[in-house]
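Q: Build me a model:
(one chain, ligands or ions: 1)
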Amino acid sequence: MVADLSSFQSPINAVVLGAGGGIGAALVDALADNPHVAQVLALSRRALPDRRKVQAEIADVTDERSLAAAAARAPETTHLVIVATGMLHAGEHAPEKQLRDLGADRLAYSFAVNAIGPALALKHFTPLMPRQGKAVFAALSARVGSISDNRSGGWYGYRASKAALNMLLRTAAIEIGAKRKDAVILGLHPGTVDTGLSKPFQANVKPEKLFTPAFAAERLLAVIDDATPAQTGTLLAWDGAAIPF
Ligand SMILES: NC(=O)c1ccc[n+]([C@@H]2O[C@H](COP(=O)([O-])OP(=O)(O)OC[C@H]3O[C@@H](n4cnc5c(N)ncnc54)[C@H](OP(=O)(O)O)[C@@H]3O)[C@@H](O)[C@H]2O)c1
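A: Just a heads-up that it's a prediction; the model follows:
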């Protein structure tokens, strides 16, 4: 099951933010292998090697100047932008289980990485999308950011910042759709994927429900390939199913 990305006019120029992450790296690999893709700009906080079709640059979603500089180095016409950054736990900070775990700095940091960073990526990268023909901006969100689906609680900062991300994507989809009728702005839920982000929380995940990054990347590209402007501003899972906000 390989997404051929034939819904785009090729050759496709793509940008992946968070290219050093588990899913981000797999997305760069899958895009570089795709014959319709001409070039991938792989953005990460750390230096990654250039290779065939892949140009690596440093960028941090928590630093707007670095995003603006990266966008200035992106192809003038960029058909596909995927934000694969995100943070669930960092250093000694585990996700907040209870109200007494909340702290202002920690909450602000979750919002900075999970919501504000992708919003600034929308600001700097969507002007590069073509005015006609398919173009997709997709940010990796999470099912747990769905307010109506929240039945188990916990993970305050992660859930709330992903819910904020979903709203930012929806709002941008309305604005961008006015000028770019063929553009699709999406939140994507990759499933539970075996990466550093999910590592501490994999104990109760059935092996068949724990995806490899390569599988998740192929599924996400297939969802992107199938997506139409009628779906802009929505949150889609790895299997293409719409997740209610
Ligand atoms: N893994 C899962 O089961 C799962 C489930 C649902 C949703 N997701 C979502 O999928 C996306 C990718 O996650 P992943 O599983 O690939 O995780 P990952 O391997 O930890 O990669 C996340 C990447 O986000 C960037 N990042 C993390 N913390 C940051 C910070 N403080 N400041 C700036 N950038 C930061 C880094 O990119 P660089 O190293 O390139 O700078 C990092 O490699 C996230 O949005 C996550 O919420 C994952």
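Q: Bridged to V81, which residues?
A: V15, F137 (DSSP bridges).
Q: what number of residues lie near it?
A: 27 (other CB atoms under 10 Å). Using the backbone N, CA and C atoms, a C-beta is placed for each residue, glycine as well.
Q: Name the residues of the chain found near the ligand, please.
A: 18-24, 44-46, 60-62, 84-87, 90, 113, 140, 142, 189-190, 192-193, 195-198 (CB under 6 Å from any ligand atom).
Q: From those, list the buried ones, please.
A: Using 16 or more other CB atoms under 10 Å as the burial test, those include 18-24, 44-45, 60-61, 84-87, 113, 140, 142, 189-190, 192-193, 195, 197-198 as buried.
Q: so of those residues, which ones are in helices?
A: Counting by DSSP state H, those place G22, I23, G24 in helices.
Q: Same list, the residues you listed, but as CSV with pLDDT please.
A: Output for those, formatted as CSV (pLDDT from 0 to 100):
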residue, pLDDT
G22, 98
I23, 98
G24, 98
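Q: which SSE is D225 in?
A: Element membership for D225, per DSSP states H and E: helix 213-226.
Q: next one: the helix or strand following that helix to chain centre, how far?
A: Following helix 213-226 in sequence order, the next helix or strand is strand 234-237 (DSSP H and E). Centroid displacement of strand 234-237 relative to its chain, using CA atoms, centre = their mean, to the nearest Å, is 11 Å.
Q: contacts for strand 234-237?
A: Strand 234-237 has contacts (CB atoms under 8 Å, 6 or more residues apart in numbering) with 141, 143, 145-146, 166, 169-170, 186-189, 191, 223, 227, 242-245.
Q: Report how many residues lie close to the nearest residue to L122 once chain neighbours are set aside.
A: Nearest residue to L122 in three dimensions, chain neighbours excluded: A172, at 4.8 Å (CB to CB, 6 or more residues apart in numbering). Here the number of neighbours of A172 (other CB under 10 Å) works out to 21.
Q: What ranges in this structure fall below the confidence cut-off?
A: 1-2 (pLDDT under 70).
Q: What ranges does it have for its strands?
A: Remark: strands assigned in the chain by DSSP state E are 12-17, 37-44, 54-58, 80-83, 135-140, 183-189, 192-193, 210-211, 234-237.
Q: Report the backbone C-alpha coordinates of stretch 192-200 in PDB.
A: What follows is stretch 192-200, C-alpha atoms only, in PDB (Å, rounded to 0.1, in the frame of the first residue of the first chain):
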ATOM      1  CA  THR A 192      -0.300   5.000  18.100                       C
ATOM      2  CA  VAL A 193       3.200   5.000  16.500                       C
ATOM      3  CA  ASP A 194       6.400   3.500  18.000                       C
ATOM      4  CA  THR A 195       8.400   6.700  18.500                       C
ATOM      5  CA  GLY A 196      10.100   8.500  21.400                       C
ATOM      6  CA  LEU A 197       6.800  10.400  22.000                       C
ATOM      7  CA  SER A 198       4.800   7.300  22.700                       C
ATOM      8  CA  LYS A 199       7.500   5.100  24.200                       C
ATOM      9  CA  PRO A 200       6.600   5.600  27.900                       C
END
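Q: Identify the residues contacting that stretch?
A: With CB under 8 Å, 6+ apart, stretch 192-200 has contacts from 21-23, 86-89, 94, 202, 205, 209-213, 216.
Q: Run a quick check on F125 versus T78, I expect a contact.
A: Yes: under the criterion of CB atoms under 8 Å, F125 makes contact with T78 at 6.6 Å.
Q: can you list residues touching both of those two?
A: What both F125 and T78 touch, as defined by CB under 8 Å, 6+ apart, is the set V15.
Q: Name all residues that make contact with E208.
A: By CB under 8 Å, 6+ apart, no residues touch E208.
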